[in-house]
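Asks: this is a predicted model, with the sequence first.
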Amino acid sequence: MRRTINKNMKQLFTIFSLGACFALASCGNNATKQESETPEDTTQVTVHTLKTEEVSYPEDTTTAKSYIAYEEGHAGKLPVVIVVPEWWGMNEYAKRRARELAGLGYFAVAVDLYGNGKVADNPADAKAFATPFYQNPQLALGRIQAALAKAFSYEVADSSRTAAIGYCFGGSMVLNAARLGQPFKGVVSFHGGLAGVPASPKLTARVLVLHGGADKFVSEAEVAGFRKQMDSVKANYIFKEYPGATHAFTNPDATETGKKFNMPISYNGAADTASWQEMKQFLGEVLQ
């Protein structure tokens, strides 16, 4: 009796084991089949390589040594954005901004407005370098146009889509260029002076002014006069003010420079970030 039971149990165990092995083999075959039917990922990843270059070209009585930045690998041509620096000249800060613009998909040119790569390391020299351009806005316009001509010599640059941004002194210069009729799609002034060439129907560019509410270099009367002139010609402009932000609020070196030369300037991280976002949205609209 015991032998019969043991014999029956061995038979049942053998049948169960064979069934389990068959089931496992079937699962294994299904898994292999599913993997083999999964299509390969054929997504193409476009690699953009940042290219920077210092370029020389003639501009009236001098030679400019400007800085170009753009990313290779984009499909089609790139909109051109001119960067006009602070009154210190075409320094590393201006170059950094050009690289950041390149990262956004633009062909950026940081302009050596003074010529021969001249930069100032103190306010007295900076004022001396900048004064002729305040006195003669056409001089600045001519040098901005020379930078544009250099940009257009690159096949990747789109001459039909151009804009300009400027910081402090540079903000004044790009506003003047637009008011003199330079056909930019748009111009952006970061903490720039607002006096200068009177607004007229020659102004066709859209304008974005990013202003520090605590800027001691630009009076409330100057702000009011700017707004009145722009309104009088029905200009397409946006005026953004950042409470508590001083002159040069976008430059991380401004606080130290202000202390060194006893100037009412300082960096404001919140205003820097917010103004850059405003610029990104603005350029995306005008250069689309």
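Replies: Ah, there it is.

Asks: what sits against Val109?
Replies: Val109 makes contact with Ser66, Tyr67, Ile68, Val80, Val81, Ile82, Val83, Ala98, Ala147, Leu148, Lys150, Ala151, according to Cβ atoms under 8 Å, 6 or more residues apart in numbering. Just so you know, the C-beta spots here come from the backbone N, C-alpha and C atoms, and that holds for glycine as well.

Asks: nearest to Val174 among those residues?
Replies: Ile82 (7.3 Å; Cβ to Cβ).

Asks: that closest one against Ile144, yeah?
Replies: Yes. Between Ile82 and Ile144 there is a contact under Cβ atoms under 8 Å: 6.1 Å.

Asks: shared neighbours, those two?
Replies: When contacts are counted by Cβ under 8 Å, 6+ apart, Ile82 and Ile144 are jointly contacted by Val111, Ala164, Val174.

Asks: and the first one, what are its phi and psi?
Replies: Translated: Val111. phi -90, psi 130 (degrees, to the nearest 10).

Asks: any chance of TSV for the shared contacts of Ile82 and Ile144, columns neighbour count?
Replies: Shown next, in TSV, are the shared contacts of Ile82 and Ile144 (neighbours: other Cβ atoms under 10 Å):
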residue	neighbour count
Val111	30
Ala164	29
Val174	31
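
Asks: would you convert those residues into CSV that also reports distance to Pro58?
Replies: Shown next, in CSV, are these (distance: Cβ to Cβ, whole Å):
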residue, distance to Pro58
Val111, 14
Ala164, 20
Val174, 22
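
Asks: can you list which of the contacts of Val109 are found in helices?
Replies: Per DSSP state H, helices hold the following members of the contacts of Val109: Ala98, Ala147, Leu148, Lys150, Ala151.

Asks: residues contacting the residue nearest the centre of the chain?
Replies: Against the mean C-alpha coordinate of the chain, by Cα atoms, centre = their mean, the closest residue is Leu101 at 2.9 Å. Contact analysis of Leu101 by Cβ under 8 Å, 6+ apart lists Ala69, Val81, Val83, Ala108, Ile165.

Asks: what does Glu53 give?
Replies: Contacts of Glu53 (Cβ under 8 Å, 6+ apart): Tyr67, Ile68, Ala69.

Asks: if we can go back for a sec, so for Ile82 and Ile144, which residue has more residues nearby?
Replies: Remark: of Ile82 and Ile144, Ile82 carries more neighbours, 29 against 25, as counted by other Cβ atoms under 10 Å.

Asks: circling back: turn the shared contacts of Ile82 and Ile144 into CSV, columns for pLDDT and distance to Val209.
Replies: Below are the shared contacts of Ile82 and Ile144 laid out as CSV (pLDDT from 0 to 100; distance: Cβ to Cβ, whole Å):
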residue, pLDDT, distance to Val209
Val111, 98, 20
Ala164, 98, 13
Val174, 98, 10
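
Asks: nothing else from me, thank you.
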